[in-house]
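In: Mind looking at a prediction? Sequence and model below.
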Amino acid sequence: MKISVLDKGWVELQDLLGDDLAIVNAARVSYLGASKGAARDRKLLRYLYEHDHGTPFEMVVFKFRVKAPEVVFRQWVRHRIGSFNVQSRRYTEVEDDDLYTPDGWRLQDTENKQGSKDTLDAESSTLLARELARIYAECAAQYRRALALGVAREQARLFLPGFAVYSTFIWAVNARSLMNFLRLRLDQRAQWEIRQYAQAVWTIFREKLPWTAEIFAEKEQIAWD
């Protein structure tokens, strides 16, 4: 399952260990119990979530493959309860189109120092888009020029606009930690770009763990769509 995000990014589910039933069975292992039917299993799942019995949720592990710009990855990697393996630009070259270009420009939120709201007027947005494209082209040309001169990739990348470069990474995370990621990154106060990735992750999560997702959405007041 692969979902496109932003202009060139995507989120792909590579592997999954467990399901909703794995969570309730993990809880019942305390007294060597097993499934007691869907109704009672879902009731136990709700009890576990409502009473913060988090360990059984750790028995389900997702492995995602993600392509995202650095401006998103810098925030994603702050969720340290998970395992990351990231594409190295010491081994691979940056393609000319591996740079994030926003659809529009947001204004600084005057009440939230780290947030944004509303959009810049159309004329100014067009001018900024043209200037960004010019800078990207110049940076890419300098990068290629350095590589052609034999400069090591690890130094040639200094010519690239750091926050804009796309990279691919693997993210393995258990369901408990994934719900924490979703709780924080689906919030309207999170940066717009990472919210788009969180929405893609949420789409996959609710398809693969529908019982857990239903309880999570209800308790955390998260929209299903």
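Out: Okay, I see it.

In: only C-alpha atoms for contact and neighbour calcs from this point on.
Out: Fine.

In: The biggest helix by length in the chain packs against which elements?
Out: In the chain, taking DSSP state H as the definition, the longest helix is helix 122-148. For helix 122-148, the packing partners by 3 or more CA pairs under 8 Å, 6 or more residues apart in numbering; DSSP states H and E come out as helix 153-156.

In: what's the helix it packs on in contact with?
Out: 89, 90, 91, 92, 93, 143, 146, 147 (CA atoms under 8 Å, 6 or more residues apart in numbering).

In: Leaving out the residues flanking it, which one is nearest to the last one?
Out: In space, residue 147 comes closest to residue 156 once its chain neighbours are excluded; the distance is 6.4 Å by CA to CA, 6 or more residues apart in numbering.

In: Please apply the same query to the third one.
Out: For residue 91, ignoring the flanking residues on the chain, the nearest one in space by CA to CA, 6+ apart is residue 153 at 7.3 Å.

In: before we move on, what about the fourth one?
Out: Nearest residue to residue 92, sequence neighbours excluded (CA to CA, 6+ apart): residue 153, at 7.7 Å.

In: Can you check the pLDDT for the one you found?
Out: pLDDT, residue 153: 90.

In: and it, how many neighbours?
Out: Neighbour count for residue 153, taken as other CA atoms under 10 Å: 19.

In: Check residue 28 too.
Out: 15.

In: does it count as helix, strand or coil?
Out: helix (DSSP: H, G, I helix; E, B strand; the rest coil).

In: now the strands for this protein?
Out: Per DSSP state E, the chain carries strands over the ranges 2-5, 9-17, 61-69, 83-86, 106-108, 116-119, 166-174.

In: quick one: contacts of the third one?
Out: Here strand 61-69 makes contact (CA under 8 Å, 6+ apart) with 8-18, 99-100, 163-175.

In: Apart from its chain neighbours, what residue comes closest to residue 65?
Out: residue 170 (4.6 Å).

In: residues in contact with the one you found?
Out: When contacts are counted by CA under 8 Å, 6+ apart, residue 170 touches 63, 64, 65, 66, 83, 84, 85, 86.

In: with the residues you listed in mind, which one is nearest to residue 27?
Out: residue 63 (22.5 Å; CA to CA).

In: And for that closest one, the neighbour number?
Out: Neighbour number of residue 63 under other CA under 10 Å is 19.
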